[in-house]
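1. Mind folding the following:
(one chain, ligands or ions: 2)
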Amino acid sequence: MGSMALGGGAPACVGLAPKNGVFGSNLKQSTGFMLKTTPKVAFSSVRVRASLSSSPQKQHSPKTSGVKSGEEVHIAVLGASGYTGAEIVRLLANHPQFHIKVMTADRKAGQQFGSVFPHLITQDLPNLVAVKDADFSNVDAVFCCLPHGTTQEIIKGLPQQLKIVDLSADFRLRDIEEYAEWYGHSHMAPELQQEAVYGLTEVLRDEIKNARLVANPGCYPTSVQLPLVPLIKAKLIKVSNIIIDAKSGVSGAGRGAKEANLYTEIAEGIHAYGIKGHRHVPEIEQGLSEAAESKVTISFTPNLICMKRGMQSTMFVEMEPGVTVNDLYQHLNATYEGEEFVKLLHGSSVPHTRHVVGSNYCFMNVFEDRIPGRAIIISVIDNLVKGASGQAVQNLNLMMGLPESTGLQYQPLFP
Ligand SMILES: NC(=O)C1=CN([C@@H]2O[C@H](COP(=O)(O)OP(=O)(O)OC[C@H]3O[C@@H](n4cnc5c(N)ncnc54)[C@H](OP(=O)(O)O)[C@@H]3O)[C@@H](O)[C@H]2O)C=CC1
Ligand SMILES: CC(=O)N[C@@H](CCC(=O)OP(=O)(O)O)C(=O)O
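-> Ligands and ions are numbered 1, 2, ... in the order given. Sure thing, here's the model as predicted:
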């Protein structure tokens, strides 16, 4: 039987226990940083199955790139019972070539997908299985929609030929020391980290095309880097004085039940969190520093706002001497002129989150500050689409040699 090689030939048995025991509740006290979720270490080993079948059959050779029009690409969605996983399923319902063959869950393993997400009951999909029971022998590419901290070991155990887009934060920080500092444990797959390409599509398109493993950006980092990277590269704004106030809908926190996300805790109000240092700070600083070719530090505060989807980042910047708000606008407009998913609004139109909900768009605009020499930039995205699953599909399209917008031409849902 054509059983596929896993992680270099041997079946992957990977432990999820933290190397240094710093996972979990003591992390916040020890670092002062906010962790969205405590990485779960419930199962001691994961054996990813290459194939379940014992009957002779033709071995599936994963497609690696250059997929032809009409050719099927077989997809696995890990973490399909979560919000970003479900969003991948919704988007792929409109994709002519990506077909879902494997879907995994943790607590919901064994259930029918349509029972977990009745809004997608019309889709003909496999049942949810645990990662350790998933059969990757007929799969070409994987969307990994798992909590950060669980993903490194699981990806290490996947067949090496598979293309992977990881939506978690596990491969976003190039410096594994910095990763350990912010995430509270040593990186568990440093060799894969070296291989991973950061998936901010409009900025790193050429690298993404040739990547096997893409680290899909976080939602806040997407909304911030899309406007700021081009302005920094063009040296139009000062990098010493960037202040970012960002707001996210509650789906950004995932579907898992948490006291802090109860209706009674978030309805009719807004609150800041991660004030001292949110873990997206190093990710944003990494991208802005690369654009500046020098170390950039930012002030960044995220807020949780009472809405289901959507994200707004408001960026307060100081312009270089002689630069005007119109220069910023014109530069961003020219940068994104040919882009399908990033748009500058006209005139003084204010980007609203409700203008992008359900779509892969990032809308932005630039405004004069009352203080001379300063500007205010506002960008909006749907955190689950351009901030996660939409950008992930955009990236896999590129990795497979397909037109980047394939399956993504959903217009926003308004009102
Ligand atoms: N939500 C958002 O807006 C964004 C999220 N992301 C990132 O995407 C990833 C997924 O997020 P999201 O969909 O919101 O999260 P959810 O909490 O909604 O979903 C998590 C998924 O992972 C499964 N899971 C949980 N623990 C394990 C484990 N130990 N082993 C295997 N599977 C597990 C869950 O299964 P079950 O439900 O059955 O327990 C579920 O399917 C995260 O890393 C997140 O940070 C990135 C950008 C934006
Ligand atoms: C509202 C909310 O909780 N948002 C998440 C960020 C969104 C996200 O999932 O980003 P990652 O992919 O980096 O995990 C948070 O603040 O941690």
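2. Low-confidence stretches in the protein?
-> The model of the chain has pLDDT under 70 over residues 1-58.
3. In it, what residue comes closest to ligand 1?
-> Per CB to the nearest ligand atom, residue 82 is where the chain lies closest to ligand 1, at 1.8 Å. All C-beta atoms are positioned from the backbone trio N, CA, C, and that covers glycine.
4. For that residue, list the residues it contacts.
-> 145-146, 254-256 (CB atoms under 8 Å, 6 or more residues apart in numbering).
5. contacting residues for the residue nearest to residue 327 when sequence neighbours are not counted?
-> With sequence-adjacent residues excluded and distances taken as CB to CB, 6 or more residues apart in numbering, residue 327 is closest to residue 236, at 6.0 Å. Neighbouring residues of residue 236 by CB under 8 Å, 6+ apart: 319-320, 323, 327-328, 331.
6. In helices only, show me the residues you listed.
-> Among the contacts of residue 236, DSSP state H puts 327-328, 331 in helices.
7. What residues does the stretch 101-250 of the chain have near ligand 1?
-> The stretch 101-250 of the chain comes close to ligand 1 at residues 105-108, 131, 145-148, 150, 167-168, 218-219, as judged by CB under 6 Å from any ligand atom.
8. Please, which helix or strand holds residue 88?
-> Per DSSP states H and E: residue 88 is located in helix 83-92.
9. How about the longest helix belonging to the chain and ligand 2, any contact?
-> Ranked by number of residues, the top helix in the chain under DSSP H is helix 219-233. Yes. Counting by CB under 6 Å from any ligand atom, ligand 2 has neighbours in helix 219-233: residue 219.
10. Now do the helices in the stretch 151-300 of the chain.
-> Using DSSP state H, counting those that start in this stretch, the helices of the stretch 151-300 of the chain run over 151-156, 176-183, 190-195, 201-209, 219-233, 263-266, 280-292.
11. So which elements touch the fifth one?
-> By that I understand helix 219-233. If contacts are counted by 3 or more CB pairs under 8 Å, 6 or more residues apart in numbering; DSSP states H and E, helix 219-233 sits against helix 201-209, strand 242-248, helix 280-292, strand 298-305, strand 311-318, helix 325-335, strand 362-368, strand 374-381.
12. got the angle between that helix and strand 298-305?
-> 150 degrees (axes from the mean of the first three to the mean of the last three CA atoms, to 10 degrees).
13. what is the orientation angle of helix 219-233 with helix 280-292?
-> 20 degrees.
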